[in-house]
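Visitor: This is the structure alone, sequence omitted:
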């Protein structure tokens, strides 16, 4: 079971279809089940029997998830592999001591891989779809794995499988989610 | 709600009505049938759809020239914001990054939200939902092999969907027509208070390209 945390403006919002369900379909395509919980509905307690966490994205203009960052204090303590997508990457940045900066980006962009990693082996460049108002600085100790002209597109915690991606992997880069799941979320707990 | 009159925008409108307040439909009439952004067959009948759904309509014209279309759409958004106080735009985009990213940019420039509830949806589930929920979706144009003239004006029902699935498998068309293989017109939807009855239409077809132009239509009780 993979926990998908919905960061959109309201539980059951119209944005869930756009930012959460496409990720759920990728999870299901690799044979995993998922549980979707809105960030205001105590997702930490729903994580207990899960093998991994995906913090999903939000629409541009939707930054309400940052109003009370203490709602995410359960994430580091879960000990689970985490993939933060766009807004989810912002949450990881905040939790790890990085900074969120204004940096809008909409559309396809070239992404250059800057460090080798299990999640992106043997890839030097790829195209990705970005949809963001903000970007993230590299949290202390984290490794930047990929970047575009505008911003860091992928980072990780060097000690734990905690990844952030600024681009939206459901558009042509489903492999990122699939590799995260198959690489880190397979062992049963 | 950005509305072309086709199934994707009307179905997205139905989703939006369930969870948000839909203030108006917005449509752009493109003169150019090859418009990059705007679906063109029967777009003039969005007026009737708006009436059927009891929603105001904002309409603008566009020559349908690449990129200039965005200025025309921006004008429509400005009118909708001024006249109806919209806070965001909902579109029926499914897979088109070209369409979605351009509309996202227009919205951001105006501090409007942009939502695409069909984005990367399961195409098969979506098509089945259209039928199951009672949307009356007609094929209003075909633009690729192997569609023949018999498809023009045909309702998408379970049998038609089975054939479309077969086409998708054999000919690599997108099941939803997102690749421009076919276009649709919605004559009835669960949230319409009246349905649209087509009283006159003309079909033209040549070499896997055809249009079903509705020349007469009226609202009737459901």
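Guide: Arrived safely. Keep in mind that this is a model prediction, so the values were computed, not measured.

Visitor: Closest to the centroid, which residue in chain A?
Guide: Centroid-nearest residue in chain A, with C-alpha atoms, centre = their mean: residue A:84, separated by 1.7 Å.

Visitor: hang on, isn't residue B:9 packed against residue B:1?
Guide: Yes: contact criterion C-beta atoms under 8 Å: residue B:9 and residue B:1 qualify, at 6.8 Å. Backbone N, C-alpha and C define where each C-beta goes, glycine included.

Visitor: the helices in the chain, which residues?
Guide: As the question left the chain open, I've gone with chain A. Counting by DSSP state H, chain A has helices at residues A:16-19, A:21-29, A:43-46, A:74-78, A:87-95, A:174-184.

Visitor: Can you look at chain B instead?
Guide: All helices of chain B, identified by DSSP H, fall at B:7-19, B:46-53, B:68-84, B:97-109, B:123-132, B:158-171.

Visitor: Now do the contacts for the residue nearest to residue B:124 when sequence neighbours are not counted.
Guide: For residue B:124, ignoring the flanking residues on the chain, the nearest one in space by C-beta to C-beta, 6 or more residues apart in numbering or on different chains is residue B:175 at 6.3 Å. Residues in contact with residue B:175, defined by C-beta atoms under 8 Å, 6 or more residues apart in numbering or on different chains, are B:123, B:124, B:127, B:164, B:165, B:168.

Visitor: Could I get those in a markdown table, plus columns for neighbour count and pLDDT?
Guide: Converted to a markdown table, the contacts of residue B:175 look like this (neighbours: other C-beta atoms under 10 Å in any protein chain shown; pLDDT from 0 to 100):
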| residue | neighbour count | pLDDT |
| --- | --- | --- |
| B:123 | 19 | 95 |
| B:124 | 14 | 96 |
| B:127 | 24 | 98 |
| B:164 | 24 | 97 |
| B:165 | 14 | 97 |
| B:168 | 18 | 95 |
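
Visitor: okay, the residues you listed in JSON lines with distance to residue A:64 next?
Guide: Shown next, in JSON lines, are these (distance: C-beta to C-beta, whole Å):
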{"residue": "B:123", "distance to residue A:64": "31"}
{"residue": "B:124", "distance to residue A:64": "33"}
{"residue": "B:127", "distance to residue A:64": "33"}
{"residue": "B:164", "distance to residue A:64": "39"}
{"residue": "B:165", "distance to residue A:64": "40"}
{"residue": "B:168", "distance to residue A:64": "39"}
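
Visitor: which of those residues lies closest to residue B:108?
Guide: residue B:123 (27.5 Å; C-beta to C-beta).

Visitor: Need the phi and psi values for the spatially closest residue to the closest one that is not a sequence neighbour.
Guide: Distance criterion C-beta to C-beta, 6+ apart; nearest residue to residue B:123, sequence neighbours excluded, is residue B:175 at 4.3 Å. Torsion angles at residue B:175 (phi, psi; degrees, to the nearest 10) stand at phi -60, psi -40.

Visitor: Compute the distance between residue B:175 and chain A, please.
Guide: 15 Å (C-beta to the nearest C-beta, to the nearest Å).
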